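Visitor: With the sequence up front, the predicted model follows.
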There are 2 protein chains.
Amino acid sequence: MSEFFSVRTVAEALAGFRPRRRTAVIRVPIEESPGLAVTADVLAPLALPAFPRSAVDGYAVAAAATHGAGDSLPAYLRIVGAVSMGALPDVRVAGDGAAAIPTGGALPEGADAIAMVEHTSELGDGRIELSRALAVGDNVIRPGDDVAQGAPIARAGRALRPQEVGLLAAAGITEVEAYSRPLVAIVSTGDEVVPAGSDPLPGQVRDANSHALGALVRELGGGPWPLGIVADDPAQLERVCRAALERADVLVVSAGSSVGARDATAEVIGRLGEPGIWCHGLALKPGKPTLLAEVDGRPVIGLPGNPVSALVVMRLVGGPVIRLTAGITAPQPVRGRQAALARNVSSQAGRLDIVQVRLDGDQAVPLFGKASQLSIMTEADGYITIPDAVQGLAAGSDVTVELYG
Amino acid sequence: MSEFFSVRTVAEALAGFRPRRRTAVIRVPIEESPGLAVTADVLAPLALPAFPRSAVDGYAVAAAATHGAGDSLPAYLRIVGAVSMGALPDVRVAGDGAAAIPTGGALPEGADAIAMVEHTSELGDGRIELSRALAVGDNVIRPGDDVAQGAPIARAGRALRPQEVGLLAAAGITEVEAYSRPLVAIVSTGDEVVPAGSDPLPGQVRDANSHALGALVRELGGGPWPLGIVADDPAQLERVCRAALERADVLVVSAGSSVGARDATAEVIGRLGEPGIWCHGLALKPGKPTLLAEVDGRPVIGLPGNPVSALVVMRLVGGPVIRLTAGITAPQPVRGRQAALARNVSSQAGRLDIVQVRLDGDQAVPLFGKASQLSIMTEADGYITIPDAVQGLAAGSDVTVELYG
């Protein structure tokens, strides 16, 4: 076991705990790619659009034929045909010719601008009247206007979003090389813990953590692999953890709640491999008894046994770890909602405090209770963060509520 | 076709477009329930915890035996045994007895408070010294402290989150009755549109919308059902839409981009069933050519053909519609990030403007370009909303950036 035990701040953990292994690289159809990161920037193999297109419904014309046109002195143009969608125009524009064209239609040869239909009227004798002068390129989408050939359309280090998927499809790229979704093994420990589907005897409690953590892992972009409950038996826990690490990308162990059970879990995790334990304790409330370790490049997260603490730590620290494992290195900006704190909240300097809150209009109402109360979290709409350096917040303070779900 | 055509504001659409059909009701294991809404409040079948537990590592005692104890005058208590995790205590506390107890251990008979281990020291002669007086209930989690019997642990109308899943497991509920994930049929139309995997001829473009919308539908909580590309042929489009509505919970049609193609799509959607078209046009930029219809209780969304507009409308209006169909009626609060607008943005009063932005530190940099440029959206970190009543925003304005991904 590494001898370098220490309590770290959450900021230190986020900046410094960077296990090096990534998930397997797979080729994946773009339909299944959202949320995954490509292994290298994907560059546009060709310009988009590939041909000049009309941005409006109207008439393709030669801009020169419209010079000087205006409301009082319209230009008169001859209709020479129409452009059909999806086909190469079989019409040519020259001199005072004008070809009807729908939005998205390909610019016919000889045309260099589009007159909007709103600025024209058909005269009924094969001509239109145009009340605006046009410059070359007006209402024309040129080749490469959306994406130039060779420009990046999806960047390494960022999760793919619907818009990247659309641009990949537009460029004819239907498969990408990406880091696979991390497989996150989840182990619950504790002599008192029994499966959720069983009837606990007096003194026993059902396993809430495996289920809650599984749901959260999925929300954070991982694939949960629940490995069930392990009694407080270090040898058995070690066997289960070693087996998990042969397949899993991340190992999460929800430790027992007593100091003795936690110490035993820490010892097992410390034995799993090198470099071993990175931090033993986070300056975080709730969530102090958190353990972070790297085993042969893979992250191992020892969570407090208390379900509220486990969920707080998994979201705050486990989320970035899961993303890193999947090659998502771009930081995720805080997304929340501004609100006014409804009551004073005390806090201790030197640690990060997470306070569950309910939104009531523009007010954030802090929800207090025993740390073990999962019901506090089911009543909450989100949480606020009180930074290490701050000793409490006064009622009325402007806070950012990070929202759940 | 309904004769009641009109342009509506986005606020009117969100408040007034409420198709009545819900997705099928299923019984689902709690593992698969996150994101779904239960059909009725789920109440706790029993109190949680079910037995009195210790909140700390320490000694279970009778509070009366500690009266008057303090640093200068400690109480001396006899160790009478220890409580094991997960078992009914086989020890009884009486008089000045004290039983060692781990966090989460069941309170032994006769004890009514727990002395924290930090306030005690073992004397080595079978006794402990305690430097604090305790009141009845100190450091004890009582039955029902987390959830009282009959209290709601998951509420109808809200998507289940990890914390509800945990509480359901703790209560022994491993399956719930919930609205299933909406099946969202996606139809792309346009004579110019060819599959992403094909080589377009001049004048043709690849189908970006099906793929981008599929990814977004998944993000919004639906299951995408891509039905491919339909040419601008009203009879064929009608056949495809009718077949889709036999199974799908929501039908999304990405219309052609020209006025003619849009009108044809609107006519088909208007023929699909009663009550028919609810609005034809949204006071929204981009996204004006949006069509909302209700067909036998099911929502049909006609999206602009332009991929950026289609994604904007689908997120803004399609998201709430998908959630409603799945029985999620709780409003989703805006989640964003405060930033200062880096440049002036103009906007027209009377419509909602959606402006794509890139975050640069605390600045939101608006990204302008032609509406057809999906690359604007791949460069964006999120978007800002300029309300109907506002005519533009000045540089430096405080804005909320709704973040992607």
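Guide: In hand now; what should we look at?
Visitor: residues in contact with residue A:83?
Guide: Taking CB atoms under 8 Å, 6 or more residues apart in numbering or on different chains, we find residue A:83 in contact with A:54, A:60, A:89, A:91, A:99, A:100, A:101, A:102, A:105, A:106, A:108. For every residue, glycine as well, the C-beta is placed using N, CA and C.
Visitor: and if we set it to 10 Å?
Guide: Each residue near residue A:83 by CB atoms under 10 Å, 6 or more residues apart in numbering or on different chains is listed here: A:53-54, A:59-60, A:89-91, A:93, A:99-102, A:104-108, A:111, B:203.
Visitor: Buried ones in stretch A:321-339, by neighbour count?
Guide: A:321-328, A:335-339 (16 or more other CB atoms under 10 Å in any protein chain shown).
Visitor: Sketch out the low-pLDDT regions of the stretch 51-200 of chain A for me.
Guide: Within the stretch 51-200 of chain A, not a single segment meets pLDDT under 70.
Visitor: quick one, helices of it?
Guide: Here the stretch 51-200 of chain A has its helices, by DSSP state H, counting those that start in this stretch, at A:162-170.
Visitor: and the residue of it nearest chain B?
Guide: Going by CB to the nearest CB, chain B is nearest to residue A:166 of the stretch 51-200 of chain A, at 2.9 Å.
Visitor: how many other residues sit next to that residue?
Guide: Neighbours of residue A:166 under the rule other CB atoms under 10 Å in any protein chain shown: 31.
Visitor: Same question for the one 10 residues further on.
Guide: Under the neighbour criterion other CB under 10 Å, residue A:176 is assigned a count of 23.
Visitor: neighbours of the closest residue to residue A:216 other than its chain neighbours, just the number please.
Guide: Excluding the flanking residues, the one nearest residue A:216 by CB to CB, 6 or more residues apart in numbering or on different chains is residue B:162, at 4.0 Å. The number of residues packed near residue B:162 is 28, by other CB under 10 Å.
Visitor: what's the helix or strand residue A:378 falls within packed up against?
Guide: Following DSSP states H and E, one finds residue A:378 within helix A:374-379. For helix A:374-379, the elements it packs on are helix A:209-219, helix A:307-313, strand A:352-360, strand B:152-154, helix B:162-170, judged by 3 or more CB pairs under 10 Å, 6 or more residues apart in numbering or on different chains; DSSP states H and E.
Visitor: mind running it again at 7 Å?
Guide: Helices and strands touching helix A:374-379, by 3 or more CB pairs under 7 Å, 6 or more residues apart in numbering or on different chains; DSSP states H and E, are helix A:307-313, strand A:352-360, helix B:162-170.
Visitor: how distant is that helix from the center of its chain?
Guide: 25 Å (CA atoms, centre = their mean, to the nearest Å).
Visitor: Only C-alpha atoms, please: export it in PDB.
Guide: Written as PDB, here are the backbone C-alpha positions of helix A:374-379 (Å, rounded to 0.1, in the frame of the first residue of the first chain):
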ATOM      1  CA  LEU A 374     -31.700  10.100   1.400                       C
ATOM      2  CA  SER A 375     -35.100  11.700   1.600                       C
ATOM      3  CA  ILE A 376     -33.400  15.100   1.900                       C
ATOM      4  CA  MET A 377     -32.000  14.400  -1.600                       C
ATOM      5  CA  THR A 378     -35.300  13.300  -3.000                       C
ATOM      6  CA  GLU A 379     -36.900  16.500  -1.800                       C
END
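Visitor: What mean pLDDT does the host helix or strand of residue A:237 get?
Guide: Take DSSP H and E as the rule and residue A:237 turns out to sit in helix A:234-247. Helix A:234-247 carries an average pLDDT of 98.
Visitor: Could you double-check that residue A:67 sits in contact with residue A:133?
Guide: Yes. Contact criterion CB atoms under 7 Å: residue A:67 and residue A:133 qualify, at 5.8 Å.
Visitor: Name the residue in the two with the higher neighbour count.
Guide: residue A:133 (17 against 10).
Visitor: mind listing what that one touches?
Guide: A:66, A:67, A:68, A:69, A:70 (CB atoms under 7 Å, 6 or more residues apart in numbering or on different chains).
Visitor: OK, contacts around residue A:119?
Guide: Residues near residue A:119 by CB under 7 Å, 6+ apart: A:130, A:131, A:132.
Visitor: Return the residues of the stretch 251-400 of chain A in contact with chain B.
Guide: A:257-260, A:307, A:311, A:333-338, A:359, A:370, A:372-375, A:377-378 (CB under 7 Å from any CB of the partner chain).
Visitor: Find me whatever residue is spatially closest to residue A:296, sequence neighbours aside.
Guide: Excluding its sequence neighbours, the residue lying closest to residue A:296 (CB to CB, 6+ apart) is residue A:273, at 4.8 Å.
Visitor: among the contacts of residue A:133, which are in strands?
Guide: Using DSSP state E, no member of those sits in strands.
Visitor: the domain parsing of chain A - what is it?
Guide: With automatic domain parsing as the criterion, the domains of chain A are listed as A:10-24+A:181-325, A:27-46+A:151-179, A:53-141, A:336-403.
Visitor: Straight-line length of the second one, end to end?
Guide: In terms of CA to CA, to the nearest Å, the two terminal residues of domain A:27-46+A:151-179 are separated by 9 Å.
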